[in-house]
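# Have a look; sequence and predicted model below, questions after that.
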Amino acid sequence: MKALVLDGDFDPRPDYPVSEIEKKTHIARRGSNVWRHTCLEVRNVPDPEVGSEDVLIQIHACGVCGSDLHLAEMDEDGYQIYPSWTRRPVIIGHEFSGKVAAIGSQVTDFKVGDLVTAEQLHWCGKCAICRKGLYNHCHNMGRLGFVTNGAFAEFVAVKERYVWKINQFKDVLGSEDAAYEAAAVIEPTGIAYNGMFSRAGGFMPGATVVVYGAGPIGLACIALARLAGASQVVAFEISPSRQALARDLGADVVYSPEELVKRGSSPHQVVMDLTEGYGADMHVECTGLPKIILPEIEQSLAVNSKVVNLGRRAGTTPSTLSIYQDTGSQSFGSLGHTGYGTFGNIIKLMASGRLDMRKMITARYSLERAAEAITSLTNRAGGKVMVKM
């Protein structure tokens, strides 16, 4: 089969204490300290093997994530930008949907021909963390598209427990193609859902919600905030094209932080003005620039406000803890999209017609052009880029 393969050199930084397991498996815990001179190439590779618990999925759509770009991007020393677990070589891609092509002997809930999507984080279900129900933090986590082969390919094999049916999408949306595109954005929508509702506990209807950054995760936050009953959804985004998408997906007002600075204002001043000095009830950080954004958030916290941290960035960010004490506010770390029925809830919302995240798809590429699709994100403009098979 054809697949987009990420490769590179196993060349740990001189000051990185590479472990014997990393040397043996070539699975790096801190990929930005190990993988150098990365490259992307569409290759012919063997078809996946189908185990007894596996569902073989013929891929029809796979979204490009910012993490895919970070896997391919390199710093000034030639090391990948993405900081976490990675292996080489590996087929990347983890936001996908398709049709069941084959099933293993122990699979009971799926049949050939079912339309499906699947989770990217493969929890073990056995470790102490999984037994607490915290699947996104599994100690034995499998990471499809990072450590195990992913979905920028013609086929992928996934264990039954991570797969979800989306057969109803075909009737609701009018075609299989529309169903595949809708299902391929469930994973990034799940990241927003997990952060805002499963981790932070949501907000009361009538609340003011502020979203910083209108990339795909931020756009999902905007749509979910509107759907959940926010009275005001405020977005901050630099890109004009993403500003337009934010409005289309439910933002009441959208501001460019750069333009605000030119006018002698700032995001926190806008939020305080819009809330008559009260502050926002929920702030969602989706930019990955917390050193810039967190000081703005901390100057516009309502009493009992919630800060949801979804953007990913290595390093330390200073915080003024007394502000959280004075306002009784809380900051929530969030990772992943699995558990709590998240995929199932999003599927039901999409099937009801109340949530259509296809609006954020702004470009489509063939598998042969998948590497180009990933590098197209370099300018951080536009919405979700989709690779179609």
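Yes, it's here.
# Report the central residue of the protein.
P188 (3.8 Å; C-alpha atoms, centre = their mean).
# Against G125, how distant is the spatially closest residue to it that is not a sequence neighbour?
Take P188 and drop its neighbours on the chain: the residue closest to it by C-beta to C-beta, 6 or more residues apart in numbering is P216, 4.8 Å away. (Each C-beta comes from the backbone N, C-alpha and C, glycine too.) Counting by C-beta to C-beta, to the nearest Å, the gap from P216 to G125 is 29 Å.
# Of the two, which one has the most company?
Between P216 and G125, counted using other C-beta atoms under 10 Å, the more crowded position is P216 (31 against 11).
# follow-up on the earlier one: give the contact list for the residue nearest to P188.
63, 65-66, 185, 188, 360, 383-384 (C-beta atoms under 8 Å, 6 or more residues apart in numbering).
# from the residues you listed, which has minimum pLDDT?
Within the contacts of P216, G66 has the lowest pLDDT, namely 89.
# for it, phi and psi?
Per-residue torsions, G66: phi -60, psi -30 (degrees, to the nearest 10).
# just use 63 as the starting number from now, easier for me
With 63 as the first residue, the last one maps to G128.
# Name only those of the contacts of P278 that count as buried.
Buried positions within the contacts of P278, assessed by neighbour count (16 or more other C-beta atoms under 10 Å), are 125, 127-128, 247, 250, 422, 445-446.
# For D116, state which of those residues is nearest.
G125 (22.4 Å; C-beta to C-beta).
# hang on, R91 packs against K85?
No. R91 lies out of contact with K85 (C-beta atoms under 8 Å); the separation is 12.0 Å.
# Settle it for me: which of those two has more neighbours?
A direct count of neighbours by other C-beta under 10 Å for R91 and K85 places R91 higher, at 15 against 12.
# if I pick the more buried one, what's in contact with it?
With C-beta under 8 Å, 6+ apart, R91 has these contacts: 81, 84, 146-147.
# wait, is the residue nearest to the centre of the chain part of a strand?
No. Counting by DSSP: H, G, I helix; E, B strand; the rest coil, P250 falls outside a strand, being helix.
# what sits against it?
Neighbours of P250 in contact, by C-beta under 8 Å, 6+ apart: 125, 127, 157, 278-279, 282, 399, 446.
# Just the ones of those residues in helices?
Among those, DSSP state H puts 278-279, 282 in helices.
# Tabulate those residues (CSV), appending pLDDT and distance to R288.
Shown next, in CSV, are the ones in helices among the contacts of P250 (pLDDT from 0 to 100; distance: C-beta to C-beta, whole Å):
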residue, pLDDT, distance to R288
P278, 95, 16
I279, 96, 15
A282, 98, 11
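# circling back: for the residue nearest to P250, give its distance to M422.
6 Å.
# now swap in A435 and tell me
Taking C-beta to C-beta, one finds A435 at 15 Å from M422.
# try H99
33 Å.
# which regions of this protein sit below the pLDDT cut-off?
Residues of the chain that meet the criterion pLDDT under 70 lie in 376.
# Show me the helices in it, by range?
82-87, 128-134, 190-193, 230-235, 238-245, 248-255, 278-289, 302-310, 319-324, 329-336, 352-360, 383-389, 404-414, 432-437.
# possible to save the ones you listed as JSON lines with distance to A213?
Shown next, in JSON lines, are those (distance: least, C-beta to C-beta, whole Å):
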{"stretch": "helix 82-87", "distance to A213": "22"}
{"stretch": "helix 128-134", "distance to A213": "11"}
{"stretch": "helix 190-193", "distance to A213": "24"}
{"stretch": "helix 230-235", "distance to A213": "18"}
{"stretch": "helix 238-245", "distance to A213": "12"}
{"stretch": "helix 248-255", "distance to A213": "10"}
{"stretch": "helix 278-289", "distance to A213": "16"}
{"stretch": "helix 302-310", "distance to A213": "24"}
{"stretch": "helix 319-324", "distance to A213": "34"}
{"stretch": "helix 329-336", "distance to A213": "36"}
{"stretch": "helix 352-360", "distance to A213": "30"}
{"stretch": "helix 383-389", "distance to A213": "40"}
{"stretch": "helix 404-414", "distance to A213": "15"}
{"stretch": "helix 432-437", "distance to A213": "10"}
